[in-house]
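>>> With the input below, show me the fold.
(one chain, ligands or ions: 1)
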Amino acid sequence: MIGVLALQGNFSSHIQILNKLGHDSKLVKCSKDLEGINGLIIPGGESTTITKLIKREDKFIKSIQLFSKKYPILGTCAGLILMSKNSFDDKVLNFGIINIESKRNAYGRQVYSFDTDLNLNYNSKNTSFIASFIRAPKISKVGRNVQVICNHDGIPVAVKQGMHFATTFHPELQNETLIHQLCFGDG
Ligand code: GLN
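Next up, the predicted model:
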């Protein structure tokens, strides 16, 4: 059973991808909802808003950090920002689950959102797919133990650290199962 953090943002498309892969899923709105799941998705949305909503429960962030010691987490877009070690914004609480630094809205405003072909290089497999970048962040620094699995225009856009994955784009909006499958396997 995979949980999808469902405080704000685009969580329903992730549920559809999990269904497609044969995973049961569950909406996660508080730390208690982390019980009984063995993977978590932190979706896109607004990292500042998700931060505010997460902070409503004192121990929620700590619980997610503890969860990450045992189970895989996939963060997309705002999810990547939250999983970063630092995104240099006081309004965002960084969980420090992946050893990267990120910069919010680094491609500019909404009009600079785009879909593009990406090439993923992982486990000696090369796969191409379409991804949506929506007011996307950029990964500004890749720290130790982080593997870049996909670049766009020479900039890392998908990373892996241990069992965790994060992307600056939205794989789920193109009905793409690849990244979810890498993170959680088949259901
Ligand atoms: N711009 C958003 C933020 O800073 C992220 C956008 C997204 O998740 N599509 O949190």
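>>> Please count neighbours and contacts with C-alpha atoms only from this point.
Noted.
>>> Point out where this protein drops to low pLDDT.
Low-confidence segments of the chain, defined by pLDDT under 70: 111.
>>> Spell out the residue ranges of the strands in it.
Ranges of strands within the chain are 2-5, 25-28, 40-42, 73-76, 100-103, 114-122, 125-133, 138-142, 147-152, 155-161, 164-167, based on DSSP state E.
>>> Tabulate these (TSV), appending distance to the ligand and mean neighbour count.
Output for the strands of the chain, formatted as TSV (distance: least, Cα to the nearest ligand atom, whole Å; neighbours: other Cα atoms under 10 Å):
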stretch	distance to the ligand	mean neighbour count
strand 2-5	13	26
strand 25-28	17	18
strand 40-42	10	27
strand 73-76	7	26
strand 100-103	8	21
strand 114-122	11	14
strand 125-133	7	15
strand 138-142	10	19
strand 147-152	17	17
strand 155-161	13	20
strand 164-167	10	28
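>>> between those strands, which one is nearest to residue 177?
Proximity to residue 177 (Cα to Cα) singles out strand 125-133 among the strands of the chain, at 9.9 Å.
>>> The residue nearest the centre of the chain and residue 124: what is the separation?
Centroid check for the chain by Cα atoms, centre = their mean gives residue 75 as the closest residue, at 1.0 Å. Here residue 75 is placed at a distance of 23 Å from residue 124 (Cα to Cα, to the nearest Å).
>>> can you check residue 157 too?
On the measure of Cα to Cα, residue 157 and residue 124 end up 18 Å apart.
>>> re earlier: surely the residue nearest to the centre of the chain touches residue 84?
No. At 9.6 Å, residue 75 does not count as touching residue 84 under the criterion of Cα atoms under 8 Å.
>>> shared neighbours of those two, which are they?
Where contact means Cα atoms under 8 Å, 6 or more residues apart in numbering, no residue is in contact with each of residue 75 and residue 84.
>>> which residue of this structure sits farthest from its center?
The chain, Cα atoms, centre = their mean, max distance from centroid: residue 124 (22.7 Å).
>>> who's in contact with residue 71?
If you count contacts by Cα under 8 Å, 6+ apart, then residue 71 has 38, 39, 40, 163 around it.
>>> let's see 10 Å
By Cα atoms under 10 Å, 6 or more residues apart in numbering, residue 71 lies in contact with 2, 37, 38, 39, 40, 64, 163, 164, 184.
>>> Check residue 161 too.
Counted by Cα under 10 Å, 6+ apart, residue 161 has contacts 72, 97, 98, 99, 100, 143, 144, 145, 146, 147, 148.
>>> go with 6 Å
Counting by Cα atoms under 6 Å, 6 or more residues apart in numbering, residue 161 makes contact with residue 146.
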